[in-house]
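S.K.: Here is my input; please provide its structure:
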Amino acid sequence: MINTAQPINGWDAINAVLREHYGRDTQWPDWAPERPYSLGGHDPLDAIRNYDHDDPRPHWHMVGCGLSELYDKTSDIAELSGWGIEFSLRVAKDPEDAGPPMWAAVILQQLARYVIVQRPFSPGHTIHVAPGFFNDHPGLPENTPTELAALAFAVDPELGTIETPNGALTFLQVAALTEAEYAAAQGGNALAVLARIEQDVPLHMVDRGRPSVL
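M.R.: Model prediction:
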């Protein structure tokens, strides 16, 4: 039976688009901080939704919840829900993974803190990251080499932009760049570089072992 009920808040709208895309609810528990940010907690995202998927290759799809208005409308900008974005991140799945990678959840919370303290990200933005940023992975030595050195942002190709009762919300996907790709992305070229990378890296899955495509 088709559910025709209209979402009553931001949570409902996010759940609806994920359920429509995956045809199911996630089988993995949400990751939520012990103390919500609104009550003095350190992590801005109230939850991270975790999905595992095999197409076009096995990966984890992680979606943050907390930069948009999940509950009541409180901001003065009627057309946007909160910051107008929620992060998504796809990570190549390791056969030994027992569940979604915690290091990826740490990245999403770090980015959410950056948005609140510094500025929101938009499609085409890039940011260089500190050495070791991608090394927080179970079973890997601390200084395991990786060519990944930066992040770029694009509209999630599967979730896109939705309307919620509190305004519009864009799912902003986090992609990883090598040094060469980051250099090529400067000067407003990030979206073109991301389009080239996607020819070799489907859905911009973060794979710390991949080589540069440039």
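
S.K.: where does the chain dip in pLDDT?
M.R.: 1-6, 135-144 (pLDDT under 70).

S.K.: could you pull out the helices for the protein?
M.R.: 10-22, 102-117, 179-185, 190-198 (DSSP state H).

S.K.: for those helices, which one sits closest to Glu147?
M.R.: Among the helices of the chain, the nearest to Glu147 by CB to CB is helix 179-185 (7.0 Å). In short, each C-beta sits where N, CA and C put it, glycine included.

S.K.: I'd like the distance from that closest one to the chain centre, please.
M.R.: Helix 179-185 sits 20 Å away from the centroid of its parent chain (CA atoms, centre = their mean, to the nearest Å).

S.K.: Mean neighbour count and distance to Val213 added to the helices of the chain, as CSV?
M.R.: Shown next, in CSV, are those (neighbours: other CB atoms under 10 Å; distance: least, CB to CB, whole Å):
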stretch, mean neighbour count, distance to Val213
helix 10-22, 17, 27
helix 102-117, 17, 21
helix 179-185, 19, 7
helix 190-198, 18, 5
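
S.K.: between those, which gets nearest to His42?
M.R.: Across the helices of the chain, closest to His42 is helix 102-117 (CB to CB), at 8.0 Å.

S.K.: who touches that closest one?
M.R.: 31, 33, 43-45, 48, 60, 62, 64, 66-67, 83, 85, 87, 89, 91, 121, 127, 133, 136-138, 151, 174, 206 (CB atoms under 8 Å, 6 or more residues apart in numbering).

S.K.: and Thr161, which of the helices of the chain is closest to it?
M.R.: helix 10-22 (9.9 Å).

S.K.: and the closest one, what does it pack onto?
M.R.: Helix 10-22 is packed against strand 47-53, strand 59-65, strand 80-92, strand 161-164, strand 167-178, with contacts defined by 3 or more CB pairs under 8 Å, 6 or more residues apart in numbering; DSSP states H and E.

S.K.: Tell me which of these approaches Trp11 most closely.
M.R.: Taking CB to CB, strand 59-65 is the member of those nearest to Trp11, at 7.2 Å.

S.K.: what packs against that closest one?
M.R.: Under the contact criterion of 3+ CB pairs under 8 Å, 6+ apart, strand 59-65 touches helix 10-22, strand 47-53, strand 80-92, helix 102-117.

S.K.: re earlier: among the contacts of helix 102-117, which ones are buried?
M.R.: Taking 16 or more other CB atoms under 10 Å as the criterion, what is buried in the contacts of helix 102-117 is 31, 33, 43-45, 48, 60, 62, 64, 66-67, 83, 85, 87, 89, 91, 121, 133, 137, 151, 174, 206.

S.K.: I figured Gly10 hits Glu163, correct?
M.R.: No - look at Gly10 against Glu163 with CB atoms under 8 Å: they stay out of range, at 10.8 Å.
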